[in-house]
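[1] Predicted model and sequence follow; I will ask about them next.
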4 protein chains.
Amino acid sequence: MQDGEAGFTLSKSRFEAFSDGVFAIAITLLILQVNVPANIPDHPTRQKQLEGILTIWSQYLVYAATFATIGTMWLNHHALFRYVERITHGIVIANLLLLGLVCFLPFSTEVIARYGLTQVSVVYYGLVLTAISVGYFILQRQVMAAHPSVDRRVTSWNLVGLSFYPVAIVLGFFVPVLGVVICGLAALFYLLPRSVASAAIRP
Amino acid sequence: MQDGEAGFTLSKSRFEAFSDGVFAIAITLLILQVNVPANIPDHPTRQKQLEGILTIWSQYLVYAATFATIGTMWLNHHALFRYVERITHGIVIANLLLLGLVCFLPFSTEVIARYGLTQVSVVYYGLVLTAISVGYFILQRQVMAAHPSVDRRVTSWNLVGLSFYPVAIVLGFFVPVLGVVICGLAALFYLLPRSVASAAIRP
Amino acid sequence: MQDGEAGFTLSKSRFEAFSDGVFAIAITLLILQVNVPANIPDHPTRQKQLEGILTIWSQYLVYAATFATIGTMWLNHHALFRYVERITHGIVIANLLLLGLVCFLPFSTEVIARYGLTQVSVVYYGLVLTAISVGYFILQRQVMAAHPSVDRRVTSWNLVGLSFYPVAIVLGFFVPVLGVVICGLAALFYLLPRSVASAAIRP
Amino acid sequence: MQDGEAGFTLSKSRFEAFSDGVFAIAITLLILQVNVPANIPDHPTRQKQLEGILTIWSQYLVYAATFATIGTMWLNHHALFRYVERITHGIVIANLLLLGLVCFLPFSTEVIARYGLTQVSVVYYGLVLTAISVGYFILQRQVMAAHPSVDRRVTSWNLVGLSFYPVAIVLGFFVPVLGVVICGLAALFYLLPRSVASAAIRP
């Protein structure tokens, strides 16, 4: 990815509009994976109806954690591109890779919806989130390669966040629900005023 | 959420583009919950075909009420942000919370599609709408905290609207269809020229 | 809907962005109603596989006709709003009504996918398209009420288009496939250079 | 399509916003075709769960190849329209045709998800991609007709890309998985710095 030499300059506004669109759609599609259990009969009793919306509490949890994660991702993406003046070829490739991974999230929530909170489903979920973090890390590298003045702390903060997911995977292997909770906390961590404001956002 | 000190300033245009995108997608996904009943056979008679599109009148009603609600929500959101000059950290968090609740609406319409208009499904629907109203209320507080000059009447009108949903829940407990109608009326109430123009929109 | 007195002025750009988003999503969701028949077995023979993608030719036809219709709708919407300088309250309401009807289209294509091209499904499809035309007509009225200088021919051309759908419904009652073809032709009619350019678009 | 005479001039920004929206949604909907196999039971064993997410490796491959293809398409679209100063009627029609074909892609991935990687499904996939290339070729012609100064090499490069898909179809007929891999490589080919930068993007 020889950014410098190619002289690739994409319009920043259309680049951001496309990325914003993908984030907005991915975050909205999450709800399609929250479903009343298929084994609820056609004309359920009141008892069965209540059961149907209460037994899927784990889907609500996954919805909230994943929504917060994509929201945070968008926020970080936004914060990062405030530094960006020209969209190099490397940034375009890294951004497509990141979006492709973010769009994969609704499938990993479907896996949890289908299997329940199990070792397999939660570890899978954690692996997808780790891949997204790595994708974001690569995107940051490309931004920093093209804009040497970007604050190094942006990357270091990302590393702090990245360390959440391996922990979530390991804990999720033993106590699945804990894995999802940690992933949700990772998103909330980014939403703390201090981290967002002092490292990523404040110029 | 210490807005003031963090000095978080997000680009208003990208913030609005993301919110508009989420509202637009959530409102368009509603139709995916309107479905021909699953018990219609593969090659139905003309009689059965007519039955299939007429027996789901309650889904049409819920579609119309929910579409009007999200449309109103977008309109109010738009009106509120005309006052906004800087996107504080508190506004970002409150906005993500609101969007997460709005995106949850298609699931509550799915519950009605699955159960029919029952005590459980309509009360659930009303509770989600109440949560959205509370989310909007929190967002307004954050906007007003950052912009002290925002007209107090904005909030008072919201309270008028908020009072619809508890009524809808109580009435919906006894006559489910009435609960949905009241929720739809709450949206139409916001669309009245007087309320929108004099309180929320007119500067 | 007392537009004039209310003094409601919405930002035109955000109004258009929301409408564009809804049109773009509705047009993209159409493909979700094109499906391989459910009666194709799990590991189908090559013969069965070919059958699966060829027997749904009517879904391809409906997809093409509906895609052209929403595309035309967006184009006309765009053309109309070139005249618009202020978004009155009446325009907002009429626009939400139109969008609510356009978003309903994916359900009417689902009805055709479920029933096949039958009297019931094609007449239903034609009725939804007629409702959209009426919705567009109302929107035009609101635009013209707020902008008296808008060319009267805009409306007259719409009437030409509107006359297609009743014909499609009547013909579709006797020869269903013809009903869909006429609806598709109505969209193509609007895409003719002369009609779009001389009446609706050229200022 | 008599562009010149009609004098049709659409706002470029709204034209691009609509196209970006459609690309963004089509690319995000792809994940809805990646699904855990239906034959996985309700409370699967750990073995069965792993099987469910590993046996669908071909769906991951198709997801990656198609995501790269639409991403490339958007990028090329963007690059092409940097040359465009006025949106003629012919460009509008050709663009709607292209978008209609791009939106069809999620169905061709559904066919692969349903049939597996077979002769029929992969040839079908290749044919849809060929149709998209032809659609893009027509769009380029319309742009060049309206803007004679556009570099001829834009078209010649497209022809290089176009030649991938017939190869993919022929190879896919004998070794289906190879067909999808070639389609993915066609997208990666466009993402090479040299091709994008020197022919399509660099003014």
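    Okay, I see it.
[2] For burial, what's the neighbour tally of the closest residue to residue A:129 other than its chain neighbours?
    Distances taken as C-beta to C-beta, 6 or more residues apart in numbering or on different chains put residue A:165 closest to residue A:129, at 5.1 Å, once the chain neighbours are dropped. Any C-beta I mention is one placed from the backbone N, CA and C, and that applies to glycine too. Applying other C-beta atoms under 10 Å in any protein chain shown, we find 24 residues neighbouring residue A:165.
[3] Which positions in the helix or strand containing residue A:165 come out as buried?
    Applying DSSP states H and E as the criterion places residue A:165 in helix A:164-174. Going by neighbour count (16 or more other C-beta atoms under 10 Å in any protein chain shown), the buried part of helix A:164-174 is A:164, A:165, A:167, A:168, A:169, A:171, A:172.
[4] Check pLDDT for the residues you listed and point me to the minimum.
    Within the buried residues of helix A:164-174, pLDDT reaches its minimum at residue A:164, with 86.
[5] Quick check: residues of chain A near chain C?
    residue A:25 (C-beta under 8 Å from any C-beta of the partner chain).
[6] helix or strand right after the helix holding residue A:165?
    As assigned by DSSP H and E, the chain's next helix or strand after helix A:164-174 is helix A:176-191.
[7] so that following helix versus helix A:164-174, what angle?
    160 degrees (axes from the mean of the first three to the mean of the last three C-alpha atoms, to 10 degrees).
[8] Neighbours of residue A:80, how many?
    21.
[9] ok, and the closest non-adjacent residue to it?
    Nearest non-adjacent residue to residue A:80 (C-beta to C-beta, 6+ apart): residue A:143, at 5.9 Å.
[10] per-residue pLDDT, that neighbour?
    Looking at residue A:143, the pLDDT reads 88.
[11] which residues sit in contact with it?
    Listed by C-beta atoms under 8 Å, 6 or more residues apart in numbering or on different chains, the contact partners of residue A:143 are A:80, A:81, A:83, A:84, A:91, A:150.
[12] Keep only those of those residues that are in helices.
    A:80, A:81, A:91 (DSSP state H).
[13] does the residue lying closest to the last one once chain neighbours are set aside count as helix, strand or coil?
    Once flanking residues are discounted, residue A:91 sits nearest to residue A:142: 4.7 Å by C-beta to C-beta, 6+ apart. Secondary structure of residue A:142, reduced to three states by DSSP: H, G, I helix; E, B strand; the rest coil: helix.
[14] Residue A:142 touches residue A:88, doesn't it?
    Yes - using C-beta atoms under 8 Å, residue A:142 is in contact with residue A:88, at 6.8 Å.
[15] And the two? Which one has more around it.
    Between residue A:142 and residue A:88, residue A:88 has the larger neighbour count (other C-beta under 10 Å), namely 25 against 21.
[16] on that earlier part again, ok, so of the ones in helices among the contacts of residue A:143, who is nearest chain C?
    The nearest member of the ones in helices among the contacts of residue A:143 to chain C, counting by C-beta to the nearest C-beta, is residue A:81 at 19.0 Å.
[17] With residue C:99 as the reference, measure out to that closest one.
    According to C-beta to C-beta, to the nearest Å, residue A:81 and residue C:99 sit 30 Å apart.
[18] Looking at these two now, which is surrounded by more residues?
    Each of residue A:81 and residue C:99 has its neighbours counted (other C-beta under 10 Å); residue C:99 has more, 26 against 20.
[19] mind listing what that one touches?
    B:27, B:71, C:19, C:22, C:23.
[20] which stretch of helix or strand covers the fourth one?
    It stands for residue C:22. helix C:12-29.
[21] Give the other helices and strands that that helix contacts.
    Counting contacts by 3 or more C-beta pairs under 8 Å, 6 or more residues apart in numbering or on different chains; DSSP states H and E, helix C:12-29 is packed against helix B:12-29, helix C:57-81, helix C:89-102, helix C:105-115, helix D:12-29.
[22] Dump those to CSV, plus distance to residue A:178 and mean pLDDT.
    Below are the helices and strands packed on helix C:12-29 laid out as CSV (distance: least, C-beta to C-beta, whole Å; pLDDT from 0 to 100):
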stretch, distance to residue A:178, mean pLDDT
helix B:12-29, 29, 91
helix C:57-81, 45, 92
helix C:89-102, 43, 93
helix C:105-115, 40, 94
helix D:12-29, 30, 91
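[23] Now tabulate the ones you listed in CSV and tack on distance to residue A:76.
    Rendered in CSV, the data for the helices and strands packed on helix C:12-29 read as follows (distance: least, C-beta to C-beta, whole Å):
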stretch, distance to residue A:76
helix B:12-29, 13
helix C:57-81, 33
helix C:89-102, 32
helix C:105-115, 33
helix D:12-29, 19
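[24] Select, out of the ones you listed, the one closest to residue D:111.
    When the helices and strands packed on helix C:12-29 are compared by C-beta to C-beta, helix C:57-81 sits nearest residue D:111, at 12.6 Å.
[25] buried sites along the closest one?
    In helix C:57-81, counting by 16+ other C-beta under 10 Å, buried: C:58-59, C:61-81.
[26] Can you spell out which helices and strands pack onto that helix?
    Against helix C:57-81 (3+ C-beta pairs under 8 Å, 6+ apart) you get helix C:12-29, helix C:89-102, helix C:105-115, helix C:119-146, helix C:176-191, helix D:89-102.
[27] could these be laid out in JSON lines, adding distance to residue D:187?
    Listed next are the helices and strands packed on helix C:57-81 as JSON lines, based on distance: least, C-beta to C-beta, whole Å:
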{"stretch": "helix C:12-29", "distance to residue D:187": "20"}
{"stretch": "helix C:89-102", "distance to residue D:187": "32"}
{"stretch": "helix C:105-115", "distance to residue D:187": "28"}
{"stretch": "helix C:119-146", "distance to residue D:187": "36"}
{"stretch": "helix C:176-191", "distance to residue D:187": "30"}
{"stretch": "helix D:89-102", "distance to residue D:187": "13"}
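[28] For residue D:108, which of these is the nearest?
    Of the helices and strands packed on helix C:57-81, the one closest to residue D:108 (C-beta to C-beta) turns out to be helix D:89-102, at 10.2 Å.
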